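Asker: What follows is a predicted protein model with its sequence.
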Amino acid sequence: MTKVMKIIKNYLAFNMEFFINETSFEGQYHEDLHAQNALKQLVELTDIIIAQIKEGAILKSNLLLYTSLKFREILISTLEHFPKELKSIIIRRIYDSTLIADWNNSMQQNVQIEYFCETVKKVVTNSSLAEAAERKIQDQLERYLINLNPSSYSSISQTTILKKATSTVSSTLFCISSHADLKKFFHLERIYPDDYLRNDENFIKTKFDVQGRIVYKKIDNGEFWYLDNLHKNHFEVFTSKLIHVGEANLDGELIAKTRDKNKDNTLVF
């Protein structure tokens, strides 16, 4: 385990709660491509959080991803205007996901009390904003808002909620609207272990995989690369004729003396 991973695991000793902020959907136009792109990005952000669980960077028992009844209602209404394929993806990945809980089933905010958001200058009682704020007020642990982009929240790093009870109490929540935000808040070197292959234009996905890991082809020389599924800390590299070249680190640099002739022709498609 790397030093960074150890730090992350120690940091996550307490539950981390992410809330999809349905208020950030206000101002989107249902028939506009911006709304479609915003929901595509939302799917990506939730996928990344779930991927971090699977990769071990975030302990599953310590992470909760929440949505709300209100957001589900907005989502279904909005999806009426979306292409069929995109609608199907969003429903499957967000609306029907078993990994995203509904905070309405364990509500901690008092809906008789006014919760006011400083960012949009309006009352947000009975929203994910109020619920996240109330939970932080109770235990002083951070809560994170997953926001649509673009929205009123996507250009800020945090927002403040005022709970106007007998005395006013404020709670500041961090905003996450992009991959970069996730990296910054959680000190991640990369979102996925195979980011190098995903993001380098010299690599293309093949239709093949090794133990669930996509095999990529290097365009200029035909090499095949894939993430080692056991350690997840290096790539296995083969020539176009399936001869083992060696291992490469997660930045794509070949590691000296890692060629293993016993691996020749073991990459079977």
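Answerer: Happy to help now that I have it.
Asker: All the strands of this protein, residue numbers only.
Answerer: Using DSSP state E, the strands found in the chain span residues 16-20, 63-67, 100-102, 114-117, 122-123, 143-146, 158-164, 168-176, 203-210, 213-218, 224-227, 235-238, 244-248.
Asker: hey, where'd the helices end up in the protein?
Answerer: 3-11, 33-55, 69-79, 84-90, 128-139, 179-186, 195-199 (DSSP state H).
Asker: Lowest mean pLDDT across these, which one is that?
Answerer: Lowest mean pLDDT within the helices of the chain: helix 3-11, a mean of 44.
Asker: Please enumerate residues in contact with stretch 249-269?
Answerer: 190, 193-196, 200, 208, 210, 215, 224, 233-238, 242-248 (Cβ atoms under 8 Å, 6 or more residues apart in numbering). No exception for glycine: its C-beta is placed from N, CA and C like everyone else's.
Asker: So how do I select the buried members of those in PyMOL?
Answerer: For the buried members of the contacts of stretch 249-269, the matching PyMOL selection, counting by 16 or more other Cβ atoms under 10 Å, is:
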select buried, resi 193+194+196+210+215+224+234+235+236+237+238+244+245+246+247+248
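Asker: So R198 is in contact with I204, correct?
Answerer: No: using Cβ atoms under 8 Å, R198 makes no contact with I204, being 10.9 Å away.
Asker: So for those two, which sits in the more crowded spot?
Answerer: Between R198 and I204, R198 has the larger neighbour count (other Cβ atoms under 10 Å), namely 14 against 11.
Asker: Can you tell me the closest non-neighbouring residue to the more buried one?
Answerer: Nearest non-adjacent residue to R198, counting by Cβ to Cβ, 6 or more residues apart in numbering: Y192, 6.3 Å away.
Asker: got a pLDDT number for the one you found?
Answerer: 80.
Asker: from memory it sits against I50, does it?
Answerer: No: taking Cβ under 8 Å as the definition, Y192 is not a contact partner of I50, at 11.5 Å.
Asker: Let's have the strands of the chain in CSV, adding mean pLDDT and distance to E131.
Answerer: Output for those, formatted as CSV (pLDDT from 0 to 100; distance: least, Cβ to Cβ, whole Å):
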stretch, mean pLDDT, distance to E131
strand 16-20, 91, 7
strand 63-67, 86, 8
strand 100-102, 91, 11
strand 114-117, 98, 9
strand 122-123, 96, 14
strand 143-146, 95, 9
strand 158-164, 97, 10
strand 168-176, 96, 10
strand 203-210, 94, 39
strand 213-218, 95, 37
strand 224-227, 97, 37
strand 235-238, 98, 42
strand 244-248, 97, 44
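Asker: Tell me which of those lies nearest to L182.
Answerer: Nearest to L182, of all the strands of the chain, is strand 168-176, at 6.0 Å by Cβ to Cβ.
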